[in-house]
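> coords please:
(chains A and B)
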Amino acid sequence: EAQVTQNPRYLITVTGKKLTVTCSQNMNHEYMSWYRQDPGLGLRQIYYSMNVEVTDKGDVPEGYKVSRKEKRNFPLILESPSPNQTSLYFCASSEGAFSSYEQYFGPGTRLTVT
Amino acid sequence: LAKTTQPISMDSYEGQEVNITCSHNNIATNDYITWYQQFPSQGPRFIIQGYKTKVTNEVASLFIPADRKSSTLSLPRVSLSDTAVYYCLVGDPQDTGRRALTFGSGTRLQVQP
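Numbering: from 1, shown residues only, chains lettered A, B, ... in the order given. As a prediction, the model looks like this:
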């Protein structure tokens, strides 16, 4: 089954404790991205990757890091999480980078930073 | 950055037709307009996509005027299960190598019995 998986689905952590949210897709997609969703603000892109070793900032990259060492994986790293990063996070993938390609979203990761 | 504008919320009743308009004044020449549907605590899912004029599938229709500065998602005869948030997506017209994607804030559709 074609899918995007994220782990963990739920995470509660404390300020400053480094964490990683994993994202994996099994569709051989080149384009992957991370979004955060907050009430009233819709989906905002954090980082995206056009291919292995090619990443770039989206609209709200501050406080996040990503890496793309393998085509299927695109982990999101919070080196020093803060309460304002409490949010619902989605990973997505698509065949290509243009908006004409359908985005496939993961189930989401709900992060709480205390 | 590209910006889309949609109504924050809409209300409807079962069986009615719902039209949601998205404004995207700065859409790039190469970009398509794509609409997604999102249920609570789930990731968005693709509904329909178009470049110009009209597109129809089994779920919805999409109307795009000639200037492509807006688009209208039309849901015929909505049911309670259509209650969701709807997003339109376009690319970034200032993107000259970057390929950022920008979703709007979405339109929350509430369908009443």
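
> Ignoring the adjacent residues along the chain, who's closest to the closest residue to chain B within chain A?
Among all residues of chain A, residue A:105 sits closest to chain B, at 2.9 Å; criterion: Cβ to the nearest Cβ. All C-beta spots, glycine's among them, are computed from the backbone N, C-alpha and C. In space, and not counting its chain neighbours, residue A:105 is closest to residue B:43: 2.9 Å by Cβ to Cβ, 6 or more residues apart in numbering or on different chains.

> Can you give me every residue that contacts the one you found?
If you count contacts by Cβ atoms under 8 Å, 6 or more residues apart in numbering or on different chains, residue B:43 has them with A:4, A:90, A:92, A:105-108.

> Break down the chain into its strands, ranges please.
Just so you know, I chose chain A. Ranges of strands in chain A, per DSSP state E, are A:4-7, A:10-13, A:19-25, A:31-38, A:42-51, A:54-57, A:65-66, A:76-78, A:87-94, A:104-105, A:109-113.

> wait, chain B
Assigned by DSSP E, chain B shows strands spanning B:9-13, B:18-23, B:33-38, B:45-50, B:53-56, B:61-64, B:70-75, B:84-91, B:101-103, B:107-112.

> and of these, who's closest to residue A:12?
With Cβ to Cβ as the measure, strand B:33-38 is the member of the strands of chain B nearest residue A:12 (23.6 Å).

> Which neighbouring elements make contact with that closest one?
Counting by 3 or more Cβ pairs under 8 Å, 6 or more residues apart in numbering or on different chains; DSSP states H and E, the packing neighbours recorded for strand B:33-38 are strand B:45-50, strand B:61-64, strand B:70-75, strand B:84-91.

> Outside of the longest one itself, list whatever touches it.
Right, the one you point to is strand B:84-91. Contacts for strand B:84-91 (Cβ under 8 Å, 6+ apart): A:42-43, A:98-99, A:103, B:2, B:4, B:6, B:20, B:22, B:24, B:27-28, B:30-39, B:44, B:47, B:71, B:73, B:99-104, B:106-109.

> next one: stretch A:60-68
The contact list for stretch A:60-68 (Cβ under 8 Å, 6+ apart) reads A:32, A:34, A:36, A:44-47, A:49, A:51-55, A:74-82, A:85.

> for stretch B:46-66, same thing?
Stretch B:46-66 is contacted from outside by A:100, A:102-103, B:32-37, B:68, B:70-76, B:86, using Cβ under 8 Å, 6+ apart.

> list the buried ones in it?
Across stretch B:46-66, burial judged by 16 or more other Cβ atoms under 10 Å in any protein chain shown covers B:46-50, B:55, B:60-64.

> If I average pLDDT within each of the helices and strands packed on strand B:33-38, which one is lowest?
Among these, strand B:84-91 carries the lowest mean pLDDT, a mean of 88.

> could you give the angle of that one to strand B:18-23?
30 degrees (axes from the mean of the first three to the mean of the last three Cα atoms, to 10 degrees).

> for strand B:84-91, the distance to its chain's centre please.
Chain-centre distance of strand B:84-91: 4 Å, with Cα atoms, centre = their mean, to the nearest Å.

> And for residue A:24, the neighbour number?
Using other Cβ atoms under 10 Å in any protein chain shown, residue A:24 is surrounded by 18 other residues.

> scratch that, residue B:17
11.

> how close does the residue nearest in space to the middle of chain A get to residue B:17?
With distances taken as Cα atoms, centre = their mean, residue A:34 lies nearest the centre of chain A, 2.8 Å away. Separation of residue A:34 from residue B:17 (Cβ to Cβ, to the nearest Å): 35 Å.

> Many thanks, have a good one.
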